[in-house]
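**Q** Quick one, what's the 3D model for this:
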Amino acid sequence: SDIQQAIREVNEIIATDSEENFAEITSNVVELSEALTIYRSEFNQAINRLQDLGTSNSSTISNLETARQALDVELRALDRSDLEESFLRLHLSEIQYRIEGRAQFQEQVGQDLNQLRTEITNLVTTDNQQLLALLDNYETAFSELVQLNSEIESHQTAYINAADSIQPLALQIGAQGAALADNSLGNVTESVQRARTALAVAAVLAVVLTAILSIFFTRQISRPLRNLTDVAGRITAGDLTAFVESSSKDEIGVLNTTFNSMTQQLQELIGGLEQRVAGRTQALQVSTEVSRSLSTILDQQQLVSEVVKKVRDTFDYYHAHIYLLDDAREYLVMAGGTGEAGRAMLANGHKIPVGKGLVGRTAEKNVPTLVSDVTTDSGWLPNPLLPDTRAEVAVPITLEGEVLGVLDVQNNVAGSLSEEDATLLLSIVGQVAIGLKNANLFTQVAEERKQVQTILDAISTPLVISKLSNGHIAYVNDAVSETFLLP
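**A** I've put the predicted structure just below:
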């Protein structure tokens, strides 16, 4: 108020003298007034944006937290370690950006988003449109945070520049006031001197206030961020028991809470990693054993029985069975199954039309079909012989793009089957397809050989077939045997 009063008095004095003598001081006073207005406006806007960023009920932060939590819930429901790892990398990049605000972390968030989007797009048994929509919501919320940080930086730059221009203008106006006093404008001296003093004080206060606020905000933010950085370093070194202690409800408190949540998810992920590795190792062992068995088993029925038993026993599934397409490719006929239910269905000639139920849809589309809770799938076909089924996954048995049949696995606990089970079974059915093809070829060759032998035996003329390489007799027909009285 003192500055503005002094400026008004100087303006009144300026108005009493000639425009030529006071043109320069008039320009400086106007410029100073504008600088003060800009400083006050930009400073207030910067404070408002910082408050918006620093409160727990900030719409920007709330939108980001809500979008991330919704995406986290859906991804964890899939029980896919690769997706969880990608999400945790994205979450860590977001936290690093919120701590330091540097462009490199903003770019890292973008890269992690693209990686996660690619993995979601490549899912084979899940409708990924909802996940992609949630990922888009998260990306929009993060962009709003980036925009808010950009606005804060812009306002800070503007009010600092305005503060830097106030002091030289104040000194210049003071010097010009002194010159006016030397020119016998005594009535100006007091007002100008007061203006000069007030402006100088205002300039110093502006610089001091800016420095104090900078130190205050830096200390308020840097102390908890240093703690967060220390904990992040301990976690990186392998100490997954480290947590950030915080009781504040501001944005830093929210950041600490989300960081602790991420650490807990990391513990769960690593804790379950050995189990997942063990499962994949078992799948590899089963695939290897099936491949080894297939090299010696040329009977289709024996092959199918061996596969379903090994799959069920290895992974402790409730039930497993294999269907094969009939010659008309209209029905999937039960070829083998585990337990009493499997034997009963095989004896009854159980079959499913192509396109109906999980098994039929899998054969029709040639893609795995997963239902983690069968009570939620309207197209699921219940089987009275398997009353405890609660989850089911069916994978196509294909060779060179042609569907030969379907391997169907069921469990008695809802949610106990996941994308990972589908992936494991896919690694096994490739070997099954080769074995089925070999068994069919063997059966076909045996039938053709029998037919040829029947024809040759019907010939009344004695016939001897020998090998050209060594002259050994390979075949004689019945006429030869009767002529020479061979057994």
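**Q** element containing residue 108?
**A** Secondary structure from DSSP states H and E places residue 108 in helix 103-121.
**Q** and if you look at residue 34?
**A** helix 19-54.
**Q** pLDDT on that helix, on average?
**A** For helix 19-54, mean pLDDT is 67.
**Q** Would you mind identifying the next helix or strand past that helix?
**A** helix 59-78.
**Q** Flag every buried residue along that next one.
**A** Of the residues in helix 59-78, 60-61, 63-65, 67-68, 71-72, 74-75, 78 count as buried by neighbour count, 16 or more other C-beta atoms under 10 Å. (Glycine included, C-beta is placed from N, CA and C.)
**Q** Please report phi then psi for residue 400.
**A** Recorded main-chain torsions at residue 400 are phi 60, psi 40, according to degrees, to the nearest 10.
**Q** quick revisit: in terms of secondary structure, what does the helix holding residue 108 contact?
**A** helix 81-100, helix 129-182 (3 or more C-beta pairs under 8 Å, 6 or more residues apart in numbering; DSSP states H and E).
**Q** what's the angle between the first one and helix 59-78?
**A** An angle of 160 degrees separates the directions of helix 81-100 and helix 59-78 when computed by axes from the mean of the first three to the mean of the last three C-alpha atoms, to 10 degrees.
**Q** please begin residue numbering at 37 from this point
**A** Yes, from this point I'll number from 37; that puts the last item at helix 117-136.
**Q** which parts of helix 117-136 are buried?
**A** 117, 119-120, 122-135.
**Q** Repeat that for stretch 472-479.
**A** Buried residues in stretch 472-479 (16+ other C-beta under 10 Å): 472, 474-475.
**Q** returning to that earlier point: export the helices and strands packed on helix 139-157 to CSV and append columns for distance to residue 457.
**A** CSV is the format used below for these (distance: least, C-beta to C-beta, whole Å):
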stretch, distance to residue 457
helix 117-136, 13
helix 165-218, 19
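**Q** Comparing the ones you listed, which comes out most buried?
**A** Burial of the helices and strands packed on helix 139-157 is given as mean neighbour count (mean count of other C-beta atoms under 10 Å); helix 117-136 ranks first at a mean of 19.
**Q** how much does that helix deviate in direction from helix 139-157?
**A** Going by the same axes, to 10 degrees, helix 117-136 makes 160 degrees with helix 139-157.
**Q** helices and strands around helix 117-136, which ones?
**A** In terms of contacts (3+ C-beta pairs under 8 Å, 6+ apart), helix 117-136 is packed against helix 95-114, helix 139-157, helix 222-272, helix 287-330.
**Q** averaging pLDDT over each of these, which comes out lowest?
**A** helix 222-272 (a mean of 58).
**Q** Who are the contact partners of residue 357?
**A** Neighbouring residues of residue 357 by C-beta atoms under 8 Å, 6 or more residues apart in numbering: 344, 370-374, 378, 381, 443-444.
**Q** Among those, name the ones in helices.
**A** 344, 378, 381 (DSSP state H).
**Q** out of those residues, which one sits closest to residue 359?
**A** Residue 359 lies nearest to residue 381 out of the ones in helices among the contacts of residue 357, by C-beta to C-beta, at 10.0 Å.
**Q** What distance do you get for that closest one to residue 432?
**A** 20 Å (C-beta to C-beta, to the nearest Å).
**Q** neighbour-wise, which of these two wins?
**A** residue 432 (22 against 19; other C-beta atoms under 10 Å).
**Q** Do me a favour and average the pLDDT over stretch 455-467.
**A** 84.
**Q** If you count neighbours, what's buried in it?
**A** Buried residues in stretch 455-467 (16+ other C-beta under 10 Å): 455-462, 464-465, 467.
**Q** follow-up on the earlier one: redo the buried residues of stretch 472-479 as CSV? Include pLDDT, secondary structure and distance to residue 398.
**A** Listed next are the buried residues of stretch 472-479 as CSV, based on pLDDT from 0 to 100; DSSP: H, G, I helix; E, B strand; the rest coil; distance: C-beta to C-beta, whole Å:
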residue, pLDDT, secondary structure, distance to residue 398
472, 83, helix, 16
474, 81, helix, 23
475, 76, helix, 22
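**Q** what residue ranges in the stretch 387-523 of the chain score low on pLDDT?
**A** 482, 485, 488-489, 491-523 (pLDDT under 70).
**Q** Would you state the helices of it in chain order?
**A** Ranges of helices within the stretch 387-523 of the chain are 393-401, 455-494, 514-519, based on DSSP state H, counting those that start in this stretch.
**Q** how about the first one: buried residues?
**A** Burial within helix 393-401, assessed by neighbour count using 16+ other C-beta under 10 Å, is assigned to 393-400.
**Q** What is that helix packed up against?
**A** Using 3+ C-beta pairs under 8 Å, 6+ apart, helix 393-401 is in contact with strand 355-361, strand 367-373, strand 387-389, strand 405-407, strand 427-435, strand 438-447.
**Q** If we go by neighbour counts, what in the last one is buried?
**A** The neighbour-count criterion (16+ other C-beta under 10 Å) identifies 439-447 as the buried residues of strand 438-447.
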